[in-house]
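A.B. asks: okay, structure incoming, though there's no sequence with it:
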């Protein structure tokens, strides 16, 4: 599978990207970034941090939208992801990776035109870049083989201050509307699906107790999220919205 990941690079985004990097059947063509869990500048740093940790080969990374189409709804989700989006991760190192010169939406259109019907697009955050690409090229959605997005609450069981709204859609509802009306077919991985499919705490604890570099990284970046889920949400396991979307893809 040739995959483009559009991400707002919080804790669960990092896990999803790691999954894709480890899967032998996935070729990540590009990563596009968007403001969501945290501001865009942190998002870009977080993507580079994950790629470096996983010793990933060169993967083009593009700077995307730093605010929603209509500003006003977005606020960073620091309770879950920390100020930096990775649980206030303390072991960042300098990177040699650099952004590509194209804007994310322009790059999306170009890649779709270069490989029509061959690319899967996975949106892990607000769909601002996707909407802009749809407006740049109305044929863009038909050139994507499969569009998958994490977002939405089909039964109005949300996770924001607007109790019926899911975070990714709430951040940029206009962008989501444009994307959903533009793609002839899409796969939605909803917040309800996330809540129904947690990873049990004992399994999650075992996973993050491994002493590999990836295991230590996962342990550190999920500490704040784990505290929030166990003490505030009081859910029976760790919630994995973006890894679930990656698995569905």
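C.D. replies: All right, it came through fine. Here the structure is a predicted model, which is why all the values come from computation and not from measurement.

A.B. asks: could you look up the SS state of residue 24?
C.D. replies: Under the three-state scheme (DSSP: H, G, I helix; E, B strand; the rest coil), residue 24 adopts coil.

A.B. asks: what does residue 5 give?
C.D. replies: Secondary structure, three-state DSSP: residue 5 is strand.

A.B. asks: got a list of what it touches?
C.D. replies: 16-17, 20, 28, 30-32, 122, 124 (CB atoms under 8 Å, 6 or more residues apart in numbering). All C-beta atoms are positioned from the backbone trio N, CA, C, and that covers glycine.

A.B. asks: nearest to residue 152, of the residues you listed?
C.D. replies: residue 124 (13.0 Å; CB to CB).

A.B. asks: returning to what we had before: the contacts of residue 5, buried ones only, as a ChimeraX selection?
C.D. replies: Entered in ChimeraX, the line below selects the buried ones among these, by 16 or more other CB atoms under 10 Å:
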select :16,17,20,28,30,31,32,122,124
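
A.B. asks: sort out for me which of the contacts of residue 5 are in strands.
C.D. replies: Here DSSP state E is the test, and those give 28, 30-32, 122 as lying in strands.

A.B. asks: so which bits of the longest helix seen in the chain are buried?
C.D. replies: In the chain, taking DSSP state H as the definition, the longest helix is helix 40-53. By 16+ other CB under 10 Å, the buried positions in helix 40-53 come out as 40, 42-51, 53.

A.B. asks: equivalent analysis for stretch 71-78, please.
C.D. replies: 73-74, 76-77.

A.B. asks: state the mean pLDDT of it.
C.D. replies: On average, the pLDDT along stretch 71-78 is 88.

A.B. asks: look at it and report the distance between its end residues.
C.D. replies: 19 Å (CA to CA, to the nearest Å).

A.B. asks: got the contact list for that stretch?
C.D. replies: Residues outside stretch 71-78 that contact it (CB under 8 Å, 6+ apart) are 10, 35-39, 67-68, 83, 85, 126, 167, 170-173.

A.B. asks: chain center to it: distance?
C.D. replies: How far stretch 71-78 lies from its chain's middle: 16 Å, per CA atoms, centre = their mean, to the nearest Å.
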